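Student: pasting the sequence and the predicted model now:
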Amino acid sequence: MARKKKPQIVPDVTSEMIDVIQEFNPCEWVVQFDNDEPVVFTENDENSTNKQVVITLGNNSNSFIKFTDPNTGKFFKLYARQKQV
């Protein structure tokens, strides 16, 4: 005997449920330490063809990027290290 399919429930879509992705041009990319003011680490202008930031870290001891908040001296660092076992 054939099984009956369960009815598919489709939620009502409201404007509040739809996420809109907004492009920024000109744009600035920032880092933020806790809830402190964001710190700009790079930017582009309306004529730039750069639409993204790509961060590449090699697998060596000299591969790091350090971001420092000029107002507080707080910093964070992205870096490579030997895998911990």
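Tutor: Perfect, I can see it now.
Student: can you tell me what sits against the helix or strand of the chain with the lowest mean pLDDT?
Tutor: One helix or strand of the chain scores below all others by mean pLDDT, DSSP states H and E: strand 39-44, with a mean of 89. With CB atoms under 8 Å, 6 or more residues apart in numbering as the test, strand 39-44 has contacts from 25-33, 50-51, 53, 67, 69-70. Where C-beta positions appear, they are placed from N, C-alpha and C, glycine not excepted.
Student: closest to residue 81 among the residues you listed?
Tutor: Residue 81 lies nearest to residue 67 out of the contacts of strand 39-44, by CB to CB, at 17.6 Å.
Student: tell me how many other residues surround the closest one.
Tutor: 15 (other CB atoms under 10 Å).
Student: pretty sure it contacts residue 79?
Tutor: No - at 11.7 Å, residue 67 does not count as touching residue 79 under the criterion of CB atoms under 8 Å.
Student: distance of residue 24 from residue 18?
Tutor: 19 Å (CB to CB, to the nearest Å).
Student: the two: who's more crowded?
Tutor: Using other CB under 10 Å, the more surrounded residue of residue 24 and residue 18 is residue 24, with 10 against 7.
Student: ok but that one is inside a helix, no?
Tutor: No - with DSSP: H, G, I helix; E, B strand; the rest coil as the criterion, residue 24 is assigned coil and is not in a helix.
Student: if I look at it, how far off is residue 45?
Tutor: 11 Å.
Student: flag the shaky bits of the protein, pLDDT-wise.
Tutor: Within the chain, the ranges that satisfy pLDDT under 70 run 1-8, 10-17.
Student: one more pass at 80, please.
Tutor: For the chain, residues meeting the criterion pLDDT under 80 lie at 1-19.
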